[in-house]
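Colleague: Dropping a prediction and its sequence here:
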Amino acid sequence: MPAAALPLDAHEGVPAIGVTGEFVAQASLVHRPLAHTILRVALPSVASALLMTLFTSVDAFWVGTRIGPTGLAAVSTSVFWIWMLIALAEMVAVGLTAVASRRHGQGRPKEAARAVGDALLFSLALGLGVALIGLLLLDWLFAVMHTAPDVTALGRRYLTAYLAGCPLIFGYFAIDAAFRASGDTRTPFLLLAVSVVAALVLDPILILGLGPAPALGIAGAAIATILTRGSVFVLGLALLMRRSMIRLAGPGGHAIPLIARIGLPTAATGMIFSLIYVLMTRTTTQFGTPALAALGIGHRVESWAYMVGVGFGAAAAAIVGQNLGAGQVRRAERSGWLTTGFASVVGIVAAVVEIVFAEEFASVFTDDPAVIAVSASYLRICALSQAFVGAELVLEGALGGAGHTFPPMLASTTLTALRIPLAAWAAFRWGIEGIWWVICLTATARGIAMMVLWRLGRWKRKSI
């Protein structure tokens, strides 16, 4: 899942690259030592993702300790729909990354800037349409999950606030992708660092009503997230314009069909993924609010290793795209495997830590004994999949950078869709732990599937 997919949810730590950084970044990604190049591009991206994860974890802390398990359950169920919205934003980001990075690799920065402008206008229009449709269907969104009335009431407040800021969130994805496609991952970090620090201060103020601010409760958590994305969007747009990295040519941009075609399979993957979780919620709900709250806590804890994979995946997409544009196919292939290795080391460490300290992690977000017990069960069972999350995210990003997005979508959605019948069967036989095992094993299988697709090499013949 993308960095912004976790709204309680993702990207580094020195000065920004200057106006001439486009050529420098392109030369660096194509010609300099590969391991150094990967780390130089990925570490800022990883740091940025972890910075956003810090905010989401703190956000979950305030919701869990001040609003309680019902609040955590409300956010968890809202997130499943938000993932669907973010998947659409990722459609533009993935398509733009593939197109713009290829143009940079070909030494055509003006064409890359035109693609960025087209993608931005497309993102804003898409975000507005999604917001309007979501608000109209708000009651149905919770009815289909069979959530309890108290969870539904809080979830509606949270999701309403989030939907109102959708255009800003969608615009943020386009801005972020524009920098990364050029090889600049440090500028997004500086922008995000400022906004996250402000959001960490704003979060308790809006939730609790500190000082003159009204106590907005769970809606305050969503508003803080919107302001975070909105500030990054505005500042990032100003920098892109200053560096001549964006050309706004008005509606009907030529790059939009290509961006949408490349990004659509990734968007479909994310949308199906979120829909599957929505349907699985109907099975999980039978085990009560603690189970839904535990799912949310599990995602918060897992998001640290997950966001490392997101950061390395963003770097892999830019490196693969630029190297293919420069005709460096073997280097592009090596970059995918090497980046996967870096991310997998982190995943293995995270798996061990989650097994050993499961209760301690859960108790950070709640003092409810039932929620802690179920959360610890989730973390210990799903720890296995953490070792494979790096392969899934990095190679999916690398395949996206190559413009080869349909086969990953097919593999990922098929394996994830199996969760619906398997979870119902496993819940009947083994209770809530059966659901946790289904989530773990299907996530592990997705990582293995991405390794197989990368090894097959059909992405090498993709033309953009």
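Modeller: Arrived safely, thanks for sending.

Colleague: Now for residue 234, how many residues are close by?
Modeller: A count of neighbours around residue 234, defined by other CB atoms under 10 Å, yields 15. Every residue, glycine included, has its C-beta placed from N, CA and C.

Colleague: so how far is residue 320 from it?
Modeller: Between residue 234 and residue 320 the distance is 30 Å, computed by CB to CB, to the nearest Å.

Colleague: ditto for residue 313
Modeller: From residue 313 to residue 320 the distance is 10 Å (CB to CB).

Colleague: Which of these two has more residues huddled nearby?
Modeller: Neighbours were counted for residue 313 and for residue 320 using other CB under 10 Å; residue 320 has more, 35 against 29.

Colleague: Could you point out the helix or strand that follows the worst-scoring helix or strand of the chain on mean pLDDT?
Modeller: Counting by mean pLDDT, DSSP states H and E, the chain has its least confident helix or strand at helix 21-31, which shows a mean of 49. Using DSSP states H and E, the helix or strand that directly follows helix 21-31 along the chain is helix 34-62.

Colleague: re the thing from before, what sits in contact with each of residue 313 and residue 320?
Modeller: The contact sets of residue 313 and residue 320 overlap at residue 398 (CB atoms under 8 Å, 6 or more residues apart in numbering).

Colleague: Please identify the helix or strand for residue 107.
Modeller: Going by DSSP H and E, residue 107 is not in any helix or strand.

Colleague: With residue 427 instead?
Modeller: helix 419-430.

Colleague: Output that helix as PDB, restricted to C-alpha atoms.
Modeller: What follows is helix 419-430, C-alpha atoms only, in PDB (Å, rounded to 0.1, in the frame of the first residue of the first chain):
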ATOM      1  CA  ARG A 419      -8.900 -14.300   1.800                       C
ATOM      2  CA  ILE A 420     -12.600 -14.000   1.600                       C
ATOM      3  CA  PRO A 421     -13.500 -17.700   1.400                       C
ATOM      4  CA  LEU A 422     -10.500 -18.800   3.400                       C
ATOM      5  CA  ALA A 423     -11.100 -16.400   6.200                       C
ATOM      6  CA  ALA A 424     -14.800 -17.500   6.600                       C
ATOM      7  CA  TRP A 425     -13.600 -21.200   6.600                       C
ATOM      8  CA  ALA A 426     -10.700 -20.600   9.000                       C
ATOM      9  CA  ALA A 427     -12.800 -18.500  11.400                       C
ATOM     10  CA  PHE A 428     -15.300 -21.300  11.600                       C
ATOM     11  CA  ARG A 429     -12.600 -23.800  12.500                       C
ATOM     12  CA  TRP A 430     -10.100 -21.900  14.500                       C
END
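
Colleague: just checking, residue 335 touches residue 316?
Modeller: Yes. Using CB atoms under 8 Å, residue 335 is in contact with residue 316, at 6.4 Å.

Colleague: how close does the closest residue in space to residue 39 that isn't next to it in sequence sit to residue 270?
Modeller: Spatial nearest neighbour of residue 39, excluding adjacent residues (CB to CB, 6 or more residues apart in numbering): residue 342 at 7.3 Å. Look at residue 342 and residue 270: by CB to CB, they are 24 Å apart.

Colleague: pLDDT wise, what is the residue nearest to residue 39 at?
Modeller: Among the per-residue scores, residue 342 shows a pLDDT of 92.

Colleague: wait, isn't it in contact with residue 41?
Modeller: No. Residue 342 lies out of contact with residue 41 (CB under 8 Å); the separation is 11.3 Å.
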